[in-house]
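>>> One predicted model, sequence on top.
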Amino acid sequence: MATADPDPSPTAAQPAAPEDTASGGGWPLIDGWARATLSPTGLRLWQTLTHRSACLSCAWGTGGQNGGFRDELGEPLQRCLKSVEAIGAELQPAVPREVFAGRTLAELQQLSSAECDRLGRLDRPLIHRAGSDHYEPIGWEEVQALTAEAFRRPPPERVASYSSGRSSNEAAYLLQLLLRALGSNNLADCSDLCHAPSTLGLTRVFGSGTSMVNLESLQHADGVVLVGSNAPANHPRLMNELIRLRERGGTVIVINPVLEGGLLKFGSPAFPIRSMLGGGSAIASLFLQPVPGSDTAVFLGLQKALLERGAIAWEFVKAHSEGWQELIAQIEATSWEAITACCGLSREELEHTAARLAACRALVFAWAMGITHHANGTTNVQAIANTAVLSGNVARPGAGTMPIRGHSNVQGFGSMGVTVHLREPMRLALEQLLGRPLSRTPGYDTRALIEAAEGGEVDTLLCLGGNLFGANPHSAQARRALGRIDTIAYLATKPNTGHVHGLAARQTLLLPVFNRFETPHRTTVESGNNWVRLNEPGTTHLRSAQLISEVEFLAELAHRLHGSDPIDWRRLQDPVYVRELIARTVPGYGAIAGIDASRREFEVAGRVFHEPRFPTPSGRARLAVTPLPDLTLPGPEHFGGLAAGERGLVLSLITARSYGQHNTVVYKQGDQVRGMLHRRTLLINPEDLTASGLRAHECVTVQGEAGALADIELIPGSIRRGAALMFYPEANVLMRPLKDPDSGTPAFKRVPVLLRAG
Ligand SMILES: Nc1nc2c(c(=O)[nH]1)N[C@H]1C(S)=C(S)[C@@H](COP(=O)(O)OP(=O)(O)OC[C@H]3O[C@@H](n4cnc5c(=O)[nH]c(N)nc54)[C@H](O)[C@@H]3O)O[C@H]1N2
Ligand SMILES: Nc1nc2c(c(=O)[nH]1)N[C@H]1C(S)=C(S)[C@@H](COP(=O)(O)OP(=O)(O)OC[C@H]3O[C@@H](n4cnc5c(=O)[nH]c(N)nc54)[C@H](O)[C@@H]3O)O[C@H]1N2
Ligand code: SF4
Ligand SMILES: [Mo]
């Protein structure tokens with residue numbers, strides 16, 4: 001454990017001291033803002049930043065009706081550089097004509113993710129037909145006819161969609177309505193690769209799958225436990241809340257196998273003096289570095305320590321939960337040896353941390369992909385939720401569970417019914433709207449979609465944003481699977497690797513859409529804190545572009561498929577009408593019906609718990625046992641073995657985002673904060689280097705279960721022994737798609753790999 005503030009920890013099990021690690025934020029951010037402002041697109045960029053629409057980037061959800069820079073409490077200066085990067089990429093000129101006309105697909109397939117994105121904006125529809133080595137232009141009428149035919153012909157179980165949470169609620173709602181009306185539940189979504197374990201785990205415990213904390217509530221907390229999140233890079237404005245919490249004398253406990261610099265100190269432009277002169281504000285009060293994948297053991301350890309020190313909120317637990325007897329029995333029966341052997345933290349560290357937790361008046365438990373990207377991701381989430389209940393930290397001001405959502409509107413997609421787990425109230429409402437029962441055939445989530453496609457069971461796929469190829473594990477399998485689908489339509493703003501590697505068997509359509517700040521009509525999105533934002537209409541800088549709004553495209557497709565049975569599908573081109581239907585059928589969304597008139601943004605009803613009555617059958621939180629995971633790694637022989645005298649070792653690989661990328665879109669090659677100056681790097685503990693005979697900055701081959709990457713530079717850093725970190729999406733060639741059986745989410749953060757010298 002490393003401590004980041006004057007409060008001394010009882011042990012110092014991990015070597016890295018805070019000074020060893022570069023801090024997050026600070027000068028590079030201020031410099032980034034200056035550069036962006038002075039660039040040729042600077043003026044347009046500022047116009048976009050002040051446009052009344054939500055940030056494109058993460059689900060923290062800055063922007064909207066309060067003006068581009070404000071959060072839902074109206075606080076100014078809440079835009080971060082990530083947002084600027086995302087807008088900058090959208091303000092690129094159109095892809096030059098000669099790119100798709102002149103370059104063959106084989107040439108385009110050589111491009112990296114960053115190079116694809118830098119080609120520019122897609123500005124007219126394109127098609128790739130089997131046998132051709134080019135994408136070629138196509139008119140919208142032909143696009144609509146081909147797409148409608150591709151959806152009409154096969155049986156409904158053989159058509160599917162994949163979506164990424166960048167689009168609007170209105171487009172999401174239409175997408176699921178269109179597919180469900182057809183009889184298909186195959187609504188795969190990027191959340192299947194992301195927070196599906198949070199939705200499932202929280203629903204099991206509380207009957208509701210989203211954050212139970214809003215921004216205001218967070219501001220009443222005096223403690224935050226931040227688990228498996230690199231918020232300085234991925235949710236920068238959350239850092240302002242953590243800085244303020246520390247200023248109020250609160251406690252921030254970070255749990256992460258990587259001693260992320262920005263979680264020790266962060267220089268936020270919202271606090272400029274400290275950012276520039278003081279090297280940033282202190283974040284972590286306590287930093288625990290467990291074995292990757294062991295968080296269930298960490299939380300069982302914290303629960304055991306709370307139990308032993310008499311800090312269980314018994315009154316609350318007995319009054320407002322069920323199943324606690326079995327959980328307490330598990331905690332008592334699980335030995336300290338089993339817990340510490342699994343998570344690699346000492347009993348003293350866990351006891352000390354539990355004492356800090358018990359001393360807090362109101363605690364928020366927040367987490368991201370370090371918790372969900374595991375073969376037991378759902379159990380991890382339940383272990384956190386159990387801890388929140390046992391310590392009495394739910395359903396009161398300043399306390400609760402808060403999954404930190406990813407894409408800017410990923411949560412809205414779930415609310416709109418883009419999920420294979422449609423909730424009963426919404427099913428009934430949709431059945432009433434459509435006047436017929438919905439199909440009960442289980443739908444494909446993202447992994448099931450890839451597996452079904454590989455087995456030749458999918459004919460037509462519509463991708464509303466995202467990069468299905470790049471985001472999946474086992475890139476070779478993803479390419480093969482997509483290649484067996486007859487027709488794929490990609491709706492996107494910019495080209496990505498998926499568009500050139502994920503080619504369908506017969507025809508692939510690449511269709512350019514308006515982004516959020518360009519869409520010619522109003523749209524809405526939902527933040528990770530359940531706040532619904534309204535985006536005003538906008539315009540595009542692309543001259544003579546043939547862009548389409550996602551709503552218009554989907555409504556036209558629906559009309560061609562369904563005519564006016566039983567609703568007037570073409571009328572759905574009017575987003576006001578779509579919002580009317582949303583208000584009628586989506587639980588908690590009644591207020592959206594009046595949003596066009598009132599322009600009043602709102603909190604989704606029933607999500608934030610102010611008192612301990614939960615939407616479970618008994619009204620109580622449902623606690624359940626959380627088994628310890630088996631984290632045994634295979635030996636070198638699993639990968640073909642090491643020859644006598646050959647240097648190397650097996651590690652547990654975390655695949656994560658660098659400080660300069662948004663998912664599969666890479667903005668910057670280097671990650672200064674982690675000292676990983678290019679993409680072909682691997683972060684490793686210095687003691688693992690010494691023990692294996694490998695050397696710092698040596699280039700090695702990283703061998704996974706599905707593929708290998710050569711010439712990877714070893715970067716010594718503050719990461720737990722036995723673990724390594726590489727950047728996604730490049731690392732996706734390495735891994736076999738091991739997944740959490742409950743949620744279907746891949747174990748992206750625990751990939752067994754063998755490192756070999758040379
Ligand atoms: N700038 C930027 N912002 C983004 C994104 C982006 O790519 N770029 N992506 C968006 C999306 S879709 C998402 S889902 C989020 C992702 O946001 P994050 O979840 O913060 O992103 P990751 O980089 O995947 O990794 C999270 C952290 O988990 C830690 N970790 C790995 N394994 C474990 C473990 O076993 N236990 C614990 N406790 N920690 C572990 C890693 O060290 C890392 O610090 O960000 C969103 N925002
Ligand atoms: N190894 C590994 N793999 C991972 C992860 C990991 O941590 N490690 N993280 C996983 C996670 S958390 C996620 S969420 C997925 C992300 O998976 P995806 O959401 O599928 O991928 P993105 O890279 O976010 O998709 C970006 C593309 O969306 C398109 N786009 C952008 N804006 C819009 C818009 O407004 N409308 C439309 N129609 N298209 C738009 C652009 O073409 C852009 O190239 O990746 C997952 N894969
Ligand atoms: S924190 Fe997230 S929502 Fe807020 S400005 Fe940054 S990227 Fe956008
Ligand atoms: Mo995500």
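Perfect, I can see it now. Ligands and ions are numbered 1, 2, ... in the order given.
>>> make it CA atoms for all contacts and neighbour counts henceforth
Fine.
>>> Show me what counts as buried in stretch 134-146.
For stretch 134-146, the neighbour count (16 or more other CA atoms under 10 Å) marks H134, Y135, P137, I138, W140, V143, Q144, L146 as buried.
>>> farthest pair in these?
Spanning the widest gap among those are H134 and Q144, at 20.6 Å by CA to CA.
>>> tally of neighbours for the residue in the stretch 201-350 of the chain positioned nearest to ligand 3?
Nearest residue of the stretch 201-350 of the chain to ligand 3: R237, at 4.1 Å (CA to the nearest ligand atom). Residues contacting R237 under the criterion other CA atoms under 10 Å number 23.
>>> Could I get the contacting residues of it?
Going by CA atoms under 8 Å, 6 or more residues apart in numbering, R237 touches W60, Q78, R79, C80.
>>> Just among those residues, which is most surrounded?
Going by other CA under 10 Å, W60 tops the contacts of R237 with 27 neighbours.
>>> any idea how far W531 is from that one?
From W60 across to W531, the span is 10 Å (CA to CA, to the nearest Å).
>>> Kindly report the same for F287.
30 Å.
>>> the more surrounded of these two?
Between F287 and W531, F287 has the larger neighbour count (other CA under 10 Å), namely 29 against 21.
>>> Surely the more buried one is in contact with T251?
No. Assessed by CA atoms under 8 Å, F287 is found out of contact with T251, at 11.1 Å.
>>> Regarding A338, what is its secondary structure?
Assigned by DSSP: H, G, I helix; E, B strand; the rest coil, the conformation of A338 is helix.
>>> which residue packs closest to G63, ignoring adjacent ones?
A54 (4.3 Å; CA to CA, 6 or more residues apart in numbering).
>>> Q92 belongs to a helix, doesn't it?
No. Counting by three-state DSSP, Q92 is not part of a helix but coil.
>>> Could you pull up the contacting residues of it?
Counted by CA under 8 Å, 6+ apart, Q92 has contacts R118, G120, R121.
>>> C-alpha coordinates for stretch 359-367, PDB please?
Taking only C-alpha atoms (Å, rounded to 0.1, in the frame of the first residue of the first chain), the coordinates of stretch 359-367 have been written out as PDB:
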ATOM      1  CA  ALA A 359     -14.800   7.000  10.500                       C
ATOM      2  CA  CYS A 360     -16.600   8.600   7.600                       C
ATOM      3  CA  ARG A 361     -20.100   9.900   8.000                       C
ATOM      4  CA  ALA A 362     -21.300   9.500   4.400                       C
ATOM      5  CA  LEU A 363     -19.400   7.400   1.900                       C
ATOM      6  CA  VAL A 364     -19.800   7.100  -1.900                       C
ATOM      7  CA  PHE A 365     -18.500   3.900  -3.500                       C
ATOM      8  CA  ALA A 366     -17.500   4.700  -7.100                       C
ATOM      9  CA  TRP A 367     -16.000   2.300  -9.700                       C
END
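>>> gap between A644 and ligand 3?
A644 sits 49 Å away from ligand 3, going by CA to the nearest ligand atom, to the nearest Å.
>>> for that residue, phi and psi?
Main-chain torsions, A644, degrees, to the nearest 10: phi -60, psi 130.
>>> Check the burial of it by counting its neighbours.
For A644, the neighbour count with other CA under 10 Å is 6.
>>> Ok, P520 next?
When neighbours are counted by other CA under 10 Å, P520 registers 16.
>>> Let me know whether it touches N535 as I believe.
No. The criterion here is CA under 8 Å, and P520 misses it with N535 at 10.3 Å.
>>> in the stretch 201-350 of the chain, which spans are helices?
215-218, 231-234, 236-247, 261-264, 272-277, 295-308, 314-320, 324-333, 336-343, 347-358 (DSSP state H, counting those that start in this stretch).
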